[in-house]
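> kindly generate the corresponding structure for this input.
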Amino acid sequence: MRPFYRVCRLLCQAFFLSVCRGRAFGVRNVPTRGGVLLVCNHQSFFDPVLATLALPRECAYMARDSLFRTRVFRALIEALNAFPIKRGTADLGAIRETLRRLKAGALITAFPEGTRTQDGSIGPLLPGIILVARRANVPIVPAVILGAYEAWPRGRRFPRLGRIRVAYGRPIDPQGLRGQSDEACVALVRAQIVALKERFDVHENQKAGGASPTNP
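Reported below is the predicted structural model:
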């Protein structure tokens with residue numbers, strides 16, 4: 001892990017633990033080496049940072065191209081392994097870059113809902129990035145962020161304090177996706193993310209009700 005990336009990660013971890021009262025679950029489900037696609041729901045502007053803070057490896061990020069227009073901010077996020085993608089189009093350049101990084105052994109974080117949630121629910125997934133992962137023959141790890149929507153929903157100018165949780169599901173073996181249609185693969189990944197969120201909600205409700213918690 002490069003020194004600059006490590007320092008930024010430590011600063012964000014301190015904020016996550018102290019201000020957001022954050023916790024992460026299922027970190028052991030994320031491979032520590034080799035190409036991986038981390039597929040996460042999209043609740044807030046915090047998400048690219050939140051999704052990977054607990055992972056003991058450098059991560060790369062797909063980010064909308066408009067974030068790269070300001071020179072200083074572009075230099076910062078590129079130093080943190082972000083690369084641009086044009087939303088709403090078949091961005092062949094971004095697809096090639098994603099394939100290149102996955103085959104080189106990178107972990108790439110993607111939010112295939114395409115935009116932040118309007119109400120905290122998990123919307124339909126755009127198929128492109130998941131199909132790229134199939135082509136690269138890398139595992140797909142479903143992940144869910146909870147609490148970020150309440151902290152910084154769409155339409156709110158500034159974030160507020162809140163409790164945030166991140167959970168990682170078991171990786172989906174690319175071999176298990178062979179022979180399935182593109183639609184079936186996308187549906188499977190979304191179902192895993194939804195199931196992870198529902199399991200986590202049960203866990204949190206049990207804690208609030210005083211029942212013995214179980215690790216989601």
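
> CA only for contacts and neighbour counts going forward, please
OK.

> tell me how many other residues crowd the closest residue to Pro127 other than its chain neighbours.
If the residues on either side of it in the chain are set aside, Pro127 comes closest to Val186, at 6.0 Å by CA to CA, 6 or more residues apart in numbering. Using other CA atoms under 10 Å, Val186 has 21 other residues around it.

> against Leu126, how distant is Val186?
Look at Val186 and Leu126: by CA to CA, to the nearest Å, they are 8 Å apart.

> and if you look at Phe15?
Distance from Phe15 to Leu126, by CA to CA: 31 Å.

> please apply the same query to Ile108.
16 Å.

> which residue is nearest the middle of the protein?
Central residue of the chain (CA atoms, centre = their mean): Cys40, 3.6 Å from the mean position.

> in contact with that one, which residues?
Contacts for Cys40 (CA atoms under 8 Å, 6 or more residues apart in numbering) come out as Ala51, Thr109, Ala110, Phe111, Pro112, Pro142, Ala143, Val144, Ile145, Ile193.

> can you name the residues bridging to the closest residue in space to it that isn't next to it in sequence?
Among residues not flanking Cys40 along the chain, Ala143 sits closest, at 4.7 Å (CA to CA, 6+ apart). Ala143 has these beta-bridge partners by DSSP bridges: Cys40, Tyr168.

> OK, contacts around Ala143?
Counting by CA under 8 Å, 6+ apart, Ala143 touches Leu38, Val39, Cys40, Asn41, Ala51, Val166, Ala167, Tyr168, Gly169, Ile193, Leu196.

> who are the packing partners of the lengthiest helix in the chain?
Longest helix in the chain, counting residues (DSSP state H): helix 182-208. Other helices and strands packing on helix 182-208, by 3 or more CA pairs under 8 Å, 6 or more residues apart in numbering; DSSP states H and E, are helix 128-136, strand 140-146, strand 165-168.
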